[in-house]
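1. Sequence and computational prediction follow.
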Amino acid sequence: MDQQLPAPFAGPWDPNEFRRALNRRPEHQTPIPRRGDRVLVRVVAFEPLADAEVLDVEPWDTYGDHYLWQVVKRPDGGAERDALGKYVMRPADDPWPWLLLATPWGRLTIREGRLLGSGGWWPLDWRHRWYPVAGGARLARPIDERMAA
């Protein structure tokens, strides 16, 4: 009998939710916390959120992180290069930096959780923000208490 391999993204999320989570409109983007700020964190999907302190934020000049910087494309789809042959870069429309957090489990480096119930860091006001869900987006407030932690 053939074994089934697990899906690349396990969980109850629709692939379109991933696409929308990576390309949020500016009004739905979460402000990036700074050192010393408090956030919530979840390591395992749908587990309760825990309090965490931001110890550090990925430097904004990390040009190799495509979630912070993207290569400018020419009209033909190729990469734009400058006079020296280097790629022309632009900041990502919806940056997604790594944060170093002090958590109940010790220090943890993690990106923002952008899907309801997913692992990652969460803003303190996460219940009042819009999140992508199958068929659109919705306010998180009415979610069930199992996820509300």
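-> Received the coordinates, thanks.
2. what about the helices in the protein?
-> Assignment of helices within the chain using DSSP state H yields the ranges 15-22, 145-148.
3. Comparing those, which yields the minimum mean pLDDT?
-> The stretch with the lowest mean pLDDT among the helices of the chain is helix 145-148, at a mean of 44.
4. Show me where this protein dips below the pLDDT cut-off.
-> Counting by pLDDT under 70, the ranges of the chain that qualify are 1-11, 135-149.
5. which ones are touching the residue nearest the centre of it?
-> Residue closest to the average C-alpha location in the chain (CA atoms, centre = their mean): Glu112, at 3.8 Å. Neighbouring residues of Glu112 by CB atoms under 8 Å, 6 or more residues apart in numbering: Thr30, Trp96, Leu99, Gly120, Trp121, Trp122. Just so you know, the C-beta spots here come from the backbone N, C-alpha and C atoms, and that holds for glycine as well.
6. how many neighbours does the nearest residue to the fifth one once chain neighbours are set aside have?
-> If I follow you right, that is Trp121. Here the nearest residue to Trp121 in space, its sequence neighbours aside, is Val39; by CB to CB, 6 or more residues apart in numbering that works out to 4.6 Å. Val39: 24 surrounding residues under other CB atoms under 10 Å.
7. Give me the distance between Gly78 and Tyr87.
-> In this structure, Gly78 lies at 11 Å from Tyr87, with CB to CB, to the nearest Å as the measure.
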